[in-house]
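Undergrad: give me a 3D structure for the following:
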Amino acid sequence: MTIVLKPFQVEDVIHISKQKAGLIGNEMGTGKTHEAIELIVRWNKELREEGVRLPALIIAPLNTFDSWVAKFASQEPSITVHVIDRKNRDKFLEGIRKRDADVYLMHWDALRLMPQLADFGFNTIIADEVHRAANRKSQTTQALFRLRAKHRLAMSGTASGDNPLNLWAVLHFVWPT
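TA: Numbers count the residues shown, from 1 in each chain. Below is the predicted model:
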C-alpha cells in the first residue's frame, strides 16, 4: 500500500525539512506520524549525501508502537525499526551502539532510566506526544534535553496541554539555544 501525503502534510514536510527542527501541532488523526516518517527519509537523505549514517530515535507512548511499526512498514518498508524490549533495555542500547537499525523506538518512561542515551548522536529525535515533557523539571524532560541530534521534531495536538507555560519545555527541546 502506497501512502500519499495530503497537500497540507506535504506543505508541513517541505517547510520543516528545510529547518533543523520543528513542531507538528496538528489535531489527532491528521497524519502527524506519516509526516514524521517522511521527514526522517528526507533528513536521512541529506545526511547520506554528506557521507554519514546516523539513526533516528522516536520517543512515543507505548500504546502507539504498533501504529508506528505498521506505518513504517507501509510507507517506508526499507527502513528497519528496532523497538525497545521493556524488560531488556540493555539490548536496545546495544542495538544503538551497533547501529543495527535505521530507527529506534522507545517509550517515554524508559527515557529517564537510560542516561546512556545521551552518549549517542542521532540524526533525528522525534518526541511523539511531546506534551509529556511539559514539566521542565521532571527527570524525563531533563533526560530529553540531554539527547543529541542534528534534527529534532516534536509532535502533539496539544503541545502546551492546558497551560501555556508548559510550552517552554517543548520549545526548549525543539530549539535548545
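
Undergrad: where's the closest residue to residue 150 other than its chain neighbours relative to residue 165, distance?
TA: What sits nearest to residue 150 in space, not counting adjacent residues and going by C-beta to C-beta, 6 or more residues apart in numbering, is residue 123, at 5.3 Å. C-beta here means a position set from N, CA and C on the backbone, and glycine is covered the same way. Separation of residue 123 from residue 165 (C-beta to C-beta, to the nearest Å): 31 Å.

Undergrad: before we move on, what about residue 73?
TA: Taking C-beta to C-beta, one finds residue 73 at 39 Å from residue 165.

Undergrad: got a list of what residue 118 touches?
TA: When contacts are counted by C-beta atoms under 8 Å, 6 or more residues apart in numbering, residue 118 touches 143, 146-148.

Undergrad: meant to ask about residue 147
TA: 57, 117-118, 122, 125.

Undergrad: write a PyMOL command that selects only the buried members of the residues you listed.
TA: The buried residues among the contacts of residue 147 can be selected in PyMOL (16 or more other C-beta atoms under 10 Å) with this line:
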select buried, resi 57+117+122+125
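
Undergrad: which of the contacts of residue 147 sits closest to residue 48?
TA: Ranked by distance to residue 48 (C-beta to C-beta), the contacts of residue 147 are led by residue 122 at 14.8 Å.

Undergrad: excluding its backbone neighbours, what's nearest the closest one?
TA: Distances taken as C-beta to C-beta, 6+ apart place residue 149 nearest to residue 122, at 4.3 Å, with adjacent residues excluded.

Undergrad: confirm that neighbour sits in a helix?
TA: No: read with DSSP: H, G, I helix; E, B strand; the rest coil, residue 149 is strand and lies in no helix.

Undergrad: surely residue 153 is within a strand?
TA: Yes: under three-state DSSP, residue 153 falls within a strand.

Undergrad: more neighbours, residue 123 and residue 165?
TA: Ranked by neighbour count (other C-beta atoms under 10 Å), residue 123 and residue 165 place residue 123 first, with 21 against 10.

Undergrad: Provide the secondary structure category for that one.
TA: Following three-state DSSP, the label given to residue 123 is strand.
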